[in-house]
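Colleague: Dropping a prediction and its sequence here:
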Amino acid sequence: MTSKFNFSKKEKLKSIKDIEQLFKKGISIHQYPFRLTYLEKKEKNGVLINFGVSVPKKKIKLAVNRNLIKRRVREAYRLNNKALKNMLSNSGKELNMMLIYGSEQILSYSEIEGKIKVILYRLTESCEVDSK
RNA sequence: AUUGCAAAUCGUUCUAUCGCUGUUUCAUUUUUAAUGAGAGAGAGGAAAGUCCGGGCAGCACAGAGUAUCCUACCUAGCGAAAGCUAGGGUAUUGUUUCAGGAAUGGAAUAAUAACAGAAAGUGCCACAGAAAAUAGACUACCUCAAUUUAUUGAGGAAAAGGUGAAAAGGUGAGGUAAGAGCUCACCAGUUACAGAAGUAAUUUUGUAAGCUAGGCAAACCUUAGGAGCUGAAAAAUCAAAUAAACCAAGGCUUGAGGGUUACUCGCCUAAUCUUGGAGGGUAGAUUGUUAGAGCGUGGAGGCAACUCCCCGCCUAGAUAAAUGAUAGAAACCUGAACCAAUGUAUUGGUAAAUAAGGUACAGAACCUGGCUUACAGAUUUGCUUUUUUA
RNA sequence: GACUUGGUAGCUCAGCUGGUAGAGCAUUUCACUUUUAAUGAAGGGGUCCUGGGUUCGAAUCCCAGCCAGGUCA
């Protein structure tokens, strides 16, 4: 399973309660144009990461463009989350995380992918430090 | 051929790899859900704005009245309705043309119209101006009186003046102290009646009245016709929950309180009202939810809106919200530059069947008919500008 | 998804039963003071969100659009 680059319905962050908890207590990493908020799960549900994307209406006004950015971000996350998942399965943790888009311009896929790689690498590092 | 405007139709396609959401078949695990494999499906003409309709759902409904909202030239047609289509009328504006010295008028044509009523009533019309809608007396005009002889007072008059968006019919004659539709002639408009044309809106002719009757209803309003209220976060079921439950007091058929979902009358009502006390829980899932005033090909009718018939099809169903990412190719459009190196203005390379760039507006959220707004480009039709040929 | 308010000076708001667009704060100049503040006086500053319509005349009435809020179980 881990050899594939899946991102199915189960791995999305959906519950309103979980999202409220995440924004109250979560830890943030800033890396322009993104802000990543994450929190370790209290009750494990067998899924390593529940992940969500948010694009604020104030920054991007048209629904078409918001959808486009979300799709690009999800695609970049899908292709680049392997290292993080390996680390978590080794340490036995599960995370909730939310990625918020902060730019007013529509970035291309290659730019977004580069930023996602950087931010996921930083997250992996900080998690490893915590577990030690 | 070309310029612009309007209307209608369409509004990118294919391949590879990796993914997303439903449906369905098979297999495995295991016991009703996962995982894997296969098949097949997966945004629009506006999905948008939420400006009008309808379905559907809940609540209400003996009945009457009021309020509120919507519609508004005529005829015919289409449609479930909203509304749309065709033709005609009237008004305004533009263009062309004819008449004329001009003002202006006639004809044709195009665009636009929230195009019922201002003679049912109320209200408003700033500033300016004497006066702004029952007319009115500032200057100038006329008569009389008084005297200080160029002023004052009383009256007449609505002709002249300037102002203003708008000054209360126009021209001429008579008339008079001066004047006035005061009277007359011609012209213009208004209302009533009658005749003619037309299904009608309306047009036109005559007679009478009379010069009154200005504008604003996208001011209140009147007339005619129509509309119960609330919206899928509606609503139902399951799970959870003693929760419209429990305890105490008051109120009672002479109707208090409550209901009648904007109000009044009327009607209904005792398990249903009022006050206080104690006191939780949920933030999920499924249905609603996609077979319908449905879509497509063909035929028939109609100028059109649209209707009928035959055959075929099942055609998104997400919910922090799927329908994508990367690479390559094709199609269409614009088209004279583009790439690399350095010495930064030169050199080298690729380039006219090309280099390079671009492909709009925009994302379903219960469904659906219209309206409005946004839109690269293509095609068709009508009108139009300029040029060429006959 | 459904419903509903508002947009006026640099800022916060009046004006919205149609008739020259105003207040407070800020800003500019002057006076007072050794100087500043405070105080007093005088000014400047407006596409009344945009486009059309009704009207003699529109910030105000009507229509369409743009932008910014608010409510719901």
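Modeller: Done, it's in. The model shown is predicted, which means the values in this text are computed figures rather than measured ones. Numbering: from 1, shown residues only, chains lettered A, B, ... in the order given.
Colleague: can you give me the strands for chain A?
Modeller: Taking DSSP state E, the strands of chain A run over residues A:27-31, A:34-40, A:49-54, A:95-101.
Colleague: Please identify the deepest-packed of these.
Modeller: strand A:95-101 (a mean of 21; mean count of other CB atoms under 10 Å). Backbone N, C-alpha and C define where each C-beta goes, glycine included.
Colleague: Include distance to RNA strand B and mean pLDDT when you put the strands of chain A into a markdown table, please.
Modeller: Below are these laid out as a markdown table (distance: least, CB to the nearest atom of the strand, whole Å; pLDDT from 0 to 100):
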| stretch | distance to RNA strand B | mean pLDDT |
| --- | --- | --- |
| strand A:27-31 | 15 | 83 |
| strand A:34-40 | 11 | 82 |
| strand A:49-54 | 4 | 81 |
| strand A:95-101 | 7 | 82 |
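Colleague: Distance to residue A:21 added to the ones you listed, as a markdown table?
Modeller: Below are those laid out as a markdown table (distance: least, CB to CB, whole Å):
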| stretch | distance to residue A:21 |
| --- | --- |
| strand A:27-31 | 12 |
| strand A:34-40 | 7 |
| strand A:49-54 | 12 |
| strand A:95-101 | 8 |
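Colleague: Relative to residue A:6, which of these is closest?
Modeller: strand A:49-54 (11.8 Å; CB to CB).
Colleague: Can you check what angle separates that closest one from strand A:34-40?
Modeller: In terms of direction (axes from the mean of the first three to the mean of the last three CA atoms, to 10 degrees), strand A:49-54 departs from strand A:34-40 by 150 degrees.
Colleague: Strand A:49-54: how far from the chain's middle?
Modeller: Distance of strand A:49-54 from its chain centroid, counting by CA atoms, centre = their mean, to the nearest Å, is 5 Å.
Colleague: How about stretch A:56-75, which residues are buried there?
Modeller: A:59, A:60, A:66, A:69, A:70, A:72, A:73, A:74, A:75 (16 or more other CB atoms under 10 Å).
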